[in-house]
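*Asks:* structure for this input, please:
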Amino acid sequence: MPMFLPRAMRVTPVAVASILFCTAVPVELRAWTAWTWSSAPTDFAANLLLYAPLGWGLRSHGALVALTTAVMLSSGVEFLQGGMVGRHPGIFDIVANVAGAMFGFAAARRLGSSAMSGPVAVTPGPSHIAIAALFLCALIAVWFTPGQPSDLSSWEDGYPLLLGNERNGERPWHGTIHQLAIVPAMPSPAGQHRTTGQTDGPPDSAVWPLGTWRLPRELDFSGGNAWIAPESVSAEFARAARKIGGFTVFLTLTPDSAVQSGPARFVSLSDGFFLRNFDIGQEGRSVMFRVRTPVSGRNGMEPFTSTDAVLSKGQRAVITATYDGSISRIHVDGRLHGRTNLAAASCMVPSLCDTDVPAALGSAGALLTLVSLGYLRSRGAIAIGIVLGSVAASVLYYVATLATARPYFSPAPLWSLAGATAIAWSCRERIANGNATGPGETCVESTPRGPSGTASTR
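*Replies:* Next up, the predicted model:
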């Protein structure tokens with residue numbers, strides 16, 4: 001077996017790839033959300049650390065280039081986050097990002113050589129490889145550790161289907177339900193597009209399977225008792241949904257007030273405040289959707305799904321709430337406004353099984369590629385390393401989702417391929433001998449090479 005010889009990596013491409021993977025690659029797109037002016041201290045610190053390598057890598061280009069690059073990259077990423085599930089664009093995030101880049105730039109200028117020229121590169125040492133290996137092992141442990149199931153096996157057949165209130169009368173909703181359909185199935189991708197994109201109500205129930213039920217008439221609610229569906233309807237729907245493993249609720253309604261709380265119930269399959277199969281209700285101007293599973297509990301509270309402020313007094317809204325056995329979603333007027341991965345909630349680090357899967361897979365692909373390149377000596381080493389790293393990371397993730405019954409994200413091979421390609425591209429340059437500017441740090445030689453391998457004098 002050939003000796004391991006680590007390749008030097010250009011810092012700037014790795015820093016940019018890390019920023020994009022961690023903040024700008026969505027697992028799913030949602031309705032655009034407003035910018036915020038708040039930032040948690042942990043998020044602020046994380047943004048500082050994330051952008052510091054960018055400033056370090058740009059130290060040879062001057063402070064103005066580093067500042068401009070950080071501002072443009074951060075602003076673009078924050079703008080894109082407005083339409084990404086699990087992300088929220090923030091002004092203070094941009095401040096933290098730019099501050100982190102400039103801190104990295106200042107630290108590099110202070111600690112590095114003042115004569116530094118050309119792109120900055122770092123050659124990983126044994127300690128770096130060991131840390132990377134530990135990270136990869138930890139990621140594999142997170143992915144492969146089983147958690148509680150997120151299916152509907154804990155549903156009860158005897159809970160009544162209620163509209164406009166709970167059976168005890170203490171969660172009243174004021175408004176009109178124009179149309180309602182409950183379906184013990186997830187619509188097909190084409191059907192999902194049609195039904196969530198429409199604004200006139202639920203589709204014809206004739207296209208749905210056994211257990212589907214449609215409200216026979218429009219109902220007005222003004223704080224009185226709940227409307228109770230026939231017992232056979234609720235029992236048949238619960239059995240069918242549990243067997244299929246998912247369900248969809250279509251609602252067209254008009255609230256009489258934007259200050260209802262509890263949440264005030266649109267529809268529920270429940271037996272009081274703390275025992276439910278599912279419910280959908282209004283909390284202020286938001287929609288709440290709770291589903292009972294082994295991981296979310298008998299009350300469906302940990303976790304649940306909610307939207308931002310989407311309801312208005314006297315304004316008709318078309319709501320589609322779906323659960324596919326792993327992820328619950330709320331569409332309002334054809335746009336995704338709420339999403340929660342219940343299956344990922346039982347993961348050791350929930351975000352690494354959901355919104356941070358792109359970053360995790362990109363990192364895994366990059367690390368495996370970097371190790372492969374340390375052993376490869378052939379002319380096509382870069383291409384072979386990319387293939388080995390991306391395929392290995394993709395297979396690990398796929399097997400983990402099979403073993404733990406967590407949802408598999410179909411773009412996963414692309415994420416691992418992008419991570420492998422980014423690290424390989426950063427390692428493609430020849431590193432100039434004798435230009436070390438710090439422990440493990442070098443300058444990339446920018447002089448073109450002649451045919452014989454010596455520097456060209458053109």
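*Asks:* secondary structure element holding Tyr398?
*Replies:* Applying DSSP states H and E as the criterion places Tyr398 in helix 381-404.
*Asks:* and if you look at Leu269?
*Replies:* strand 260-270.
*Asks:* can you give me the mean pLDDT across that strand?
*Replies:* Across strand 260-270, pLDDT averages out at 94.
*Asks:* so what does that strand touch, helix or strand wise?
*Replies:* strand 161-163, strand 174-183, helix 231-244, strand 247-255, strand 276-284 (3 or more Cβ pairs under 8 Å, 6 or more residues apart in numbering; DSSP states H and E). No exception for glycine: its C-beta is placed from N, CA and C like everyone else's.
*Asks:* with mean pLDDT added, can I get those in a markdown table?
*Replies:* As requested, the helices and strands packed on strand 260-270 are exported to a markdown table (pLDDT from 0 to 100):
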| stretch | mean pLDDT |
| --- | --- |
| strand 161-163 | 96 |
| strand 174-183 | 95 |
| helix 231-244 | 93 |
| strand 247-255 | 96 |
| strand 276-284 | 96 |
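*Asks:* in TSV, list these along with mean neighbour count and distance to Val11.
*Replies:* Shown next, in TSV, are the helices and strands packed on strand 260-270 (neighbours: other Cβ atoms under 10 Å; distance: least, Cβ to Cβ, whole Å):
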stretch	mean neighbour count	distance to Val11
strand 161-163	22	59
strand 174-183	22	52
helix 231-244	18	51
strand 247-255	23	48
strand 276-284	23	47
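*Asks:* for Phe92, find the nearest of those.
*Replies:* strand 276-284 (24.7 Å; Cβ to Cβ).
*Asks:* what's that closest one packed up against?
*Replies:* Helices and strands touching strand 276-284, by 3+ Cβ pairs under 8 Å, 6+ apart, are strand 247-255, strand 260-270, strand 286-291, strand 317-323.
*Asks:* out of those, which one sits most buried?
*Replies:* strand 286-291 (a mean of 25; mean count of other Cβ atoms under 10 Å).
*Asks:* could you pull out the strands for the stretch 351-458 of the chain?
*Replies:* For the stretch 351-458 of the chain, the strands defined by DSSP state E, counting those that start in this stretch occupy 441-443.
*Asks:* which regions of it sit below the pLDDT cut-off?
*Replies:* For the stretch 351-458 of the chain, the stretches with pLDDT under 70 are 428-458.
*Asks:* hmm, 80 instead?
*Replies:* 377, 379, 428-458 (pLDDT under 80).
*Asks:* what do you get for the stretch 101-250 of the chain?
*Replies:* Those would be 112-119, 125, 186-208, if you go by pLDDT under 80 across the stretch 101-250 of the chain.
*Asks:* quick one, strands of it?
*Replies:* Secondary structure of the stretch 101-250 of the chain (DSSP E, counting those that start in this stretch): strands at 120-122, 161-163, 174-183, 213-214, 219-222, 227-228, 247-255.
*Asks:* what's the separation between Phe79 and Trp35?
*Replies:* Noted for Phe79: a distance of 9 Å to Trp35, by Cβ to Cβ, to the nearest Å.
*Asks:* list residues touching both of those two?
*Replies:* Pro89 (Cβ atoms under 8 Å, 6 or more residues apart in numbering).
*Asks:* domain map for this protein?
*Replies:* Using automatic domain parsing, the domain parsing of the chain gives 1-123, 129-145+348-427, 161-346.
*Asks:* make a markdown table from these and add distance to Trp155 to it.
*Replies:* Formatted as a markdown table, the domains of the chain follow (distance: least, Cβ to Cβ, whole Å):
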| stretch | distance to Trp155 |
| --- | --- |
| domain 1-123 | 26 |
| domain 129-145+348-427 | 17 |
| domain 161-346 | 5 |
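*Asks:* right, and the ones you listed - which one's nearest Leu152?
*Replies:* Here domain 161-346 is closest among the domains of the chain (Cβ to Cβ), at 4.6 Å.
*Asks:* endpoints of that closest one, how far apart?
*Replies:* One end of domain 161-346 sits 28 Å from the other (Cα to Cα, to the nearest Å).
*Asks:* and Phe92, its phi and psi?
*Replies:* Torsion angles at Phe92 (phi, psi; degrees, to the nearest 10) stand at phi -70, psi -20.
*Asks:* wait, Asp151 sits on Gly245?
*Replies:* Yes. In this structure, Asp151 is within contact of Gly245 by Cβ atoms under 8 Å, at 5.7 Å.
*Asks:* if I look at these two, which residues touch both of them?
*Replies:* Gly325.
*Asks:* quick one: residues contacting Leu275.
*Replies:* Contacts of Leu275 by Cβ under 8 Å, 6+ apart are Glu156, Tyr159, Arg298, Asn299.
*Asks:* nearest residue to the last one other than its sequence neighbours?
*Replies:* It stands for Asn299. Phe274 (5.0 Å; Cβ to Cβ, 6 or more residues apart in numbering).
*Asks:* tally of neighbours for the one you found?
*Replies:* Burial of Phe274 is recorded as 11 neighbouring residues (other Cβ atoms under 10 Å).
*Asks:* wait, is it part of a helix?
*Replies:* No. Checked against DSSP: H, G, I helix; E, B strand; the rest coil, Phe274 lies outside a helix; its state is coil.
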